[in-house]
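when you get a sec, could you give me coordinates for this:
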Amino acid sequence: MPEIKRLILAASAIILALAATPAVADPWAKPGDLALRHDFRLLADAGVLRAPVNAWPIPWATIASDLGAGVSPETLVPEVLAALARVLARLDQVRGLQGLQPNARLAARTDPFWLRTFEDTPREEAEVRAGVSWMGDRFAVRAQLSFVPDPQGSGQEWRGDGSYLAGVFGNHILYAGALDQWWGPSHDDTLILSSNARPVGGLGLQRNVAMPFEHKWLSWMGPWNYSLFWGFLESNREVPDARLIAFRFGFRPTTDLEIGLTRTAQWCGQGRPCDAGAFWDLLVGDSNVDDREGAIEEDPGNQLAAVDFRWRSPVGNGPWAIYGQATAEDEAGGLPSRHFGQFGFETWGSVNTRLVSGSWRAHFEYTNTLVHFWASDPFYKTAYEHSFYQSGYRYYGRSLGAAADRDSQLFSVGLTLVDARERTWNGLLRFAEINNGGDGTGSDTIHSVSPEELKLFGAQLSHRRSMRHGNLNLGTLGLGLGVQYSENRITGESNTDVQAFLQWTWDLSGT
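Numbers count the residues shown, from 1 in each chain. Alright, predicted model coming up:
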């Protein structure tokens, strides 16, 4: 698209022009690394990290700023000290890289029906990737190319996912590229913007270091950050070349509480209004279709809004937390309406036995994407759908929000163990009812998981470890094994599938 090229060239010119600014532009910590997320959570709950940590990617600069503010090791329990040591080592590794850094990845899986979580698992049955990155004091660039021999949904064998050009000006990061996003505190699903689908390419702006407002009326929010993204959706959809706009504001008024506010929207595209008036209507929420003649043609876009929270130990001072996310598909009277939601509980601790020494984190999570699922008359086929953007809130056939897509409920229980050498074991049990609003005719093909109502039960176990030979880094090995039982509630047919994946990543920058 010419517009994409123009915007990327413009962003590149701005970034290169700002490269002489005396600032620091470390790469991001990107979603997918369970061990790193566990460590960030331990440090945040202990008050070592003060910045919001529920929205990924997270700039390394904001982590470095908090760690540089001063830590009293004598006040930290052993598992937090171990997490601090691992994060400091990772930060030193990222900062110490010089010159061009190559990266590569090989990944394969046996079954396409694998509901993706925060964990980095293969999206395709096979993928080969190679690339190179460079980091300076003021900007960073990554160019990588993947080959997928049998692509699903997109028809694209060659992909540049994960590539970017980024620079820092003031306390803001400007970037052009395609980065995975995970906005929310959840482990297994986030309803508003997840890494389930391939990353959408576009332009982004993000706060580099999270600090409180200086104004006395706003300082109560504590450290805060924001992310703004303008992306370009694919051409082979009902409204070709539509845009994706996403904005998030996150803040931590106390060490124990983090809150996030998010809005996303699909708008513009071929045959849709793209002028300033339409954008203003989108911005203020005036985008509902009503009964007026021609209202569909005037509707500026498809919007979603969400509020999420994570609250550590609301009662007592134990190692536990609750979290949740409420998402709205529409608006009424200027306020979000037609809600669906998620709730979770997590706890953590340490283990020290003859077999393993490290820390663990367990969680229970419930997600329901049926609008007004608690009511006697819920809204079917509403979440992630729109009367004009009929490809829905999806990208190359996969939901941009919850992996299970709309009209689904999921119960999951997970346990993650991270040992002293940062090796990770992750177990997950999941029960789900997919596409509860399916009509049984097979015509509901827009649903990205199943055209008909489906019940499934799955058990998964994955492991990740770094491989070294002396001082030689041989990359990271990840593998997983699972079994999944599914039952079509319309036809009565059932299947039991063994699932497995294997991936090797060699990436010294760790991003």
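
run through the residues that contact the residue nearest in space to the middle of the chain.
By CA atoms, centre = their mean, the chain has its centre lying nearest to residue 182, at 1.5 Å. Residue 182 is in contact with 31, 55-56, 118, 190, 193-195, counting by CB atoms under 8 Å, 6 or more residues apart in numbering. Yep, even glycine has a C-beta here, placed from its N, CA and C like the rest.

go through the residues you listed and flag which are in helices.
Among those, DSSP state H puts none in helices.

between the residues you listed, identify the one with the most neighbours.
residue 190 (31 neighbours; other CB atoms under 10 Å).

grab the nearest non-local neighbour of that residue.
Sequence neighbours aside, residue 184 is the residue nearest to residue 190 in space, at 3.5 Å (criterion: CB to CB, 6 or more residues apart in numbering).

separation between the one you found and residue 365?
11 Å (CB to CB, to the nearest Å).

any common contacting residues for these two?
In contact with both residue 184 and residue 365: residue 342, using CB under 8 Å, 6+ apart.

counting neighbours, go ahead and name the busier of the two.
Neighbour count, other CB under 10 Å: between residue 184 and residue 365, residue 184 has more, with 30 against 23.

my guess is that one meets residue 191, correct?
Yes. With contact defined as CB atoms under 8 Å, residue 184 counts as touching residue 191 (7.0 Å).

what's the overlap in contacts for these two?
Common contacts of residue 184 and residue 191 (CB under 8 Å, 6+ apart): 306, 325, 342.

please flag which of these sit within strands.
Taking DSSP state E as the definition of strands, the shared contacts of residue 184 and residue 191 contribute 306, 325, 342.

which among these end up buried?
The neighbour-count criterion (16 or more other CB atoms under 10 Å) marks 306, 325, 342 among those as buried.

for the last one, name its beta-bridge partners.
Yep, that's residue 342 we're talking about. Residue 342 has these beta-bridge partners by DSSP bridges: residue 325, residue 367.

mind checking the SS state of residue 79?
Classification of residue 79 by DSSP: H, G, I helix; E, B strand; the rest coil places it in helix.

quick check, it in contact with residue 45.
No. Between residue 79 and residue 45 there is no contact under CB under 8 Å: 10.7 Å.

which one of these two has more residues nearby?
residue 79 (24 against 20).

now do the contacts for the more buried one.
42, 348-350, 358-359.

ok now the one helix or strand residue 61 maps to, how far from the chain's centre?
Assigned by DSSP states H and E, residue 61 belongs to helix 60-67. A distance of 20 Å separates the centroid of the chain from that of helix 60-67, by CA atoms, centre = their mean, to the nearest Å.

quick one: mean pLDDT for that helix?
On average, the pLDDT along helix 60-67 is 93.

for stretch 427-439, same thing?
For stretch 427-439, mean pLDDT is 88.

need the residues that contact it.
Identification of contacts with stretch 427-439 by CB under 8 Å, 6+ apart yields 115, 117, 188, 370, 380-381, 404-416, 444, 447, 449-462, 490.

lowest average confidence, helix or strand, in the protein?
Every helix and strand in the chain was compared by mean pLDDT, DSSP states H and E; the lowest is helix 2-17, with a mean of 41.

partner strands of the helix or strand following it, parallel or antiparallel?
Using DSSP H and E, the helix or strand that follows helix 2-17 in sequence is strand 28-29. Sheet pairing of strand 28-29 (DSSP bridges) gives strand 58-59 (antiparallel).

for the protein, which spans come out with low pLDDT?
The chain contains residues with pLDDT under 70 at 1-26, 112-113, 153-155, 285-299, 331-335, 438-444, 509-511.

quick one: the strands in the stretch 201-350 of the chain?
Using DSSP state E, counting those that start in this stretch, the strands of the stretch 201-350 of the chain run over 202-207, 224-232, 243-254, 257-267, 301-312, 320-332, 335-352.

any chance of those in a markdown table, plus distance to residue 63?
Shown next, in a markdown table, are those (distance: least, CB to CB, whole Å):
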| stretch | distance to residue 63 |
| --- | --- |
| strand 202-207 | 13 |
| strand 224-232 | 12 |
| strand 243-254 | 14 |
| strand 257-267 | 15 |
| strand 301-312 | 18 |
| strand 320-332 | 20 |
| strand 335-352 | 19 |
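
out of the ones you listed, which is closest to residue 89?
Taking CB to CB, strand 335-352 is the member of those nearest to residue 89, at 19.0 Å.

name the helices or strands packed onto that closest one?
Contacts defined by 3 or more CB pairs under 8 Å, 6 or more residues apart in numbering; DSSP states H and E place strand 335-352 against helix 34-45, helix 78-96, strand 320-332, strand 357-368.

and the angle from it to helix 34-45?
On the basis of axes from the mean of the first three to the mean of the last three CA atoms, to 10 degrees, strand 335-352 is oriented at 100 degrees to helix 34-45.

can you tell me the element residue 497 falls in?
strand 494-507.

give me the packing partners of that strand, helices and strands only.
In terms of contacts (3+ CB pairs under 8 Å, 6+ apart), strand 494-507 is packed against strand 100-109, strand 454-469, strand 472-488.

buried residues of that strand, list them for me.
The neighbour-count check on strand 494-507 (16+ other CB under 10 Å) flags 499-501, 503-507 as buried.

again, but for stretch 302-316
Buried-residue list, stretch 302-316, by 16+ other CB under 10 Å: 302-312.

now swap in stretch 355-367 and tell me
Of all the residues in stretch 355-367, those buried under the rule 16+ other CB under 10 Å are 358-363, 365-367.

save the residues you listed as TSV, and put in distance to residue 390 too.
Output for the buried residues of stretch 355-367, formatted as TSV (distance: CB to CB, whole Å):
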residue	distance to residue 390
358	48
359	46
360	44
361	40
362	40
363	35
365	30
366	29
367	24
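
can you pull the contacts of residue 56?
The contact partners of residue 56, taken as CB under 8 Å, 6+ apart, are 28-31, 37, 180-183.

also residue 385?
By CB under 8 Å, 6+ apart, residue 385 lies in contact with 329, 392-393, 406, 446.

got these as JSON lines, with neighbour count columns?
Formatted as JSON lines, these follow (neighbours: other CB atoms under 10 Å):
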{"residue": "329", "neighbour count": "24"}
{"residue": "392", "neighbour count": "24"}
{"residue": "393", "neighbour count": "27"}
{"residue": "406", "neighbour count": "29"}
{"residue": "446", "neighbour count": "17"}
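
would you mind getting the angle between the strand holding residue 497 and strand 100-109?
Going by the same axes, to 10 degrees, strand 494-507 makes 170 degrees with strand 100-109.

neighbouring strands - and their directions - for strand 494-507?
Partners of strand 494-507, by DSSP bridges, with direction: strand 100-109 (antiparallel), strand 472-488 (antiparallel).

any chance of JSON lines for those strands, columns mean neighbour count?
Formatted as JSON lines, the strands paired with strand 494-507 follow (neighbours: other CB under 10 Å):
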{"stretch": "strand 100-109", "mean neighbour count": "17"}
{"stretch": "strand 472-488", "mean neighbour count": "16"}
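
so which of those gets nearest residue 397?
Nearest to residue 397 among the strands paired with strand 494-507 is strand 100-109; the distance by CB to CB comes to 16.7 Å.
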